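Asks: Structure, please.
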Amino acid sequence: MRRDGRLGVGIIGAGRVGPVVGAALAGAGHALVGVTPGSDPERVEAILPGVPTLDATEVARRSELVIVAVPHDQLEGLVSGLATLGAWQPGQLVLHTDPAFGTSVLAPAVALGAIPLAVHPAVVFTGTSMDLRQLSTAYAAVTAPGPVLPIAQALAVELGCEPVVVAEADRPTYAEAVGAATEFSRSIVRQAAGLLRESGVPNPGAYLSALVHSTIDHALAEAGSGTPDDPTATIDG
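Replies: Alright, predicted model coming up:
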């Protein structure tokens, strides 16, 4: 870490998550070292203007903090592959964003002296600057060894999120909860929109907007307060 507290941040993964996380950290004052190539370079350039494109090995070797934001089924192989190449550095922070893993997946990097962190911002990313606004009102699940847990929490705060500690053993259950919330919501909205379309309602997405948002707001309030759902409450009063 530099004397001014800034970190040289590298991003492995140019999908929807990595560039946004990088942009948020840059906004908090950190310096971006590089990002790996992706399938949509124009989108990445729009959110990370002027940041060099480097391969994963160079990103790992040049960065004080490496953000690893790759698909779930690629994370383990990527971390171990870079360890085989000797890319991880002693004292380097390595942070992944996958909801299902804690820090054990980073063991090959830890074996070379890296410091493992797992931070999952609980938002659905679009890969655009709009996500930065979402982060400012979101929570993030953080998992890290006790001595470095404050670092993970501080980085979550710098992303704009409120950190919530999730134990290593609880990450699979956490991921199941996140998956249920996102996939079930998408499925129900699609089903309802299809039925409205069949019934002749124009623009079913707009029609459902207020209904879905108010229903979710009520459900979230009930979940937070522990108040059971009122079975007599319906959309027709």
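
Asks: Quick one: residues contacting Ile47.
Replies: 19-20, 22-23, 127-129 (Cβ atoms under 8 Å, 6 or more residues apart in numbering). Backbone N, C-alpha and C define where each C-beta goes, glycine included.

Asks: which residue ranges form the strands in the protein?
Replies: 8-12, 31-35, 65-68, 93-96, 115-121, 139-143, 162-165 (DSSP state E).

Asks: Figure out how far the longest one is from the centre of its chain.
Replies: The one in question is strand 115-121. 10 Å (Cα atoms, centre = their mean, to the nearest Å).

Asks: That strand vs strand 139-143, what angle?
Replies: On the basis of axes from the mean of the first three to the mean of the last three Cα atoms, to 10 degrees, strand 115-121 is oriented at 160 degrees to strand 139-143.

Asks: Among the contacts of Ile47, which one sits closest to Asp170?
Replies: Within those, proximity to Asp170 (Cβ to Cβ) peaks at Val20, which comes in at 25.3 Å.

Asks: Name all residues that make contact with Met20.
Replies: Check again: residue 20 is Val, not Met. 47, 125, 127-129, 131-132, 135.

Asks: Kindly report the domain assignment for the chain.
Replies: With domains defined by automatic domain parsing, the chain comprises 8-166, 173-225.

Asks: just those domains: most buried one?
Replies: Mean neighbour counts were compared across the domains of the chain using mean count of other Cβ atoms under 10 Å; the top stretch is domain 8-166, at a mean of 19.

Asks: Between the two ends of it, how far is it?
Replies: Terminal residues of domain 8-166 lie 27 Å apart, using Cα to Cα, to the nearest Å.

Asks: Can you find the helix or strand in the protein with the smallest mean pLDDT?
Replies: Every helix and strand in the chain was compared by mean pLDDT, DSSP states H and E; the lowest is helix 204-225, with a mean of 78.

Asks: Could you list every helix and strand that that helix packs against?
Replies: Counting contacts by 3 or more Cβ pairs under 8 Å, 6 or more residues apart in numbering; DSSP states H and E, helix 204-225 packs against helix 171-198.

Asks: thinking again about what came up before, would you format the contacts of Ile47 as JSON lines with distance to Thr182 and pLDDT included?
Replies: Shown next, in JSON lines, are these (distance: Cβ to Cβ, whole Å; pLDDT from 0 to 100):
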{"residue": "Pro19", "distance to Thr182": "20", "pLDDT": "98"}
{"residue": "Val20", "distance to Thr182": "17", "pLDDT": "98"}
{"residue": "Gly22", "distance to Thr182": "23", "pLDDT": "98"}
{"residue": "Ala23", "distance to Thr182": "22", "pLDDT": "98"}
{"residue": "Gly127", "distance to Thr182": "16", "pLDDT": "95"}
{"residue": "Thr128", "distance to Thr182": "18", "pLDDT": "94"}
{"residue": "Ser129", "distance to Thr182": "21", "pLDDT": "93"}
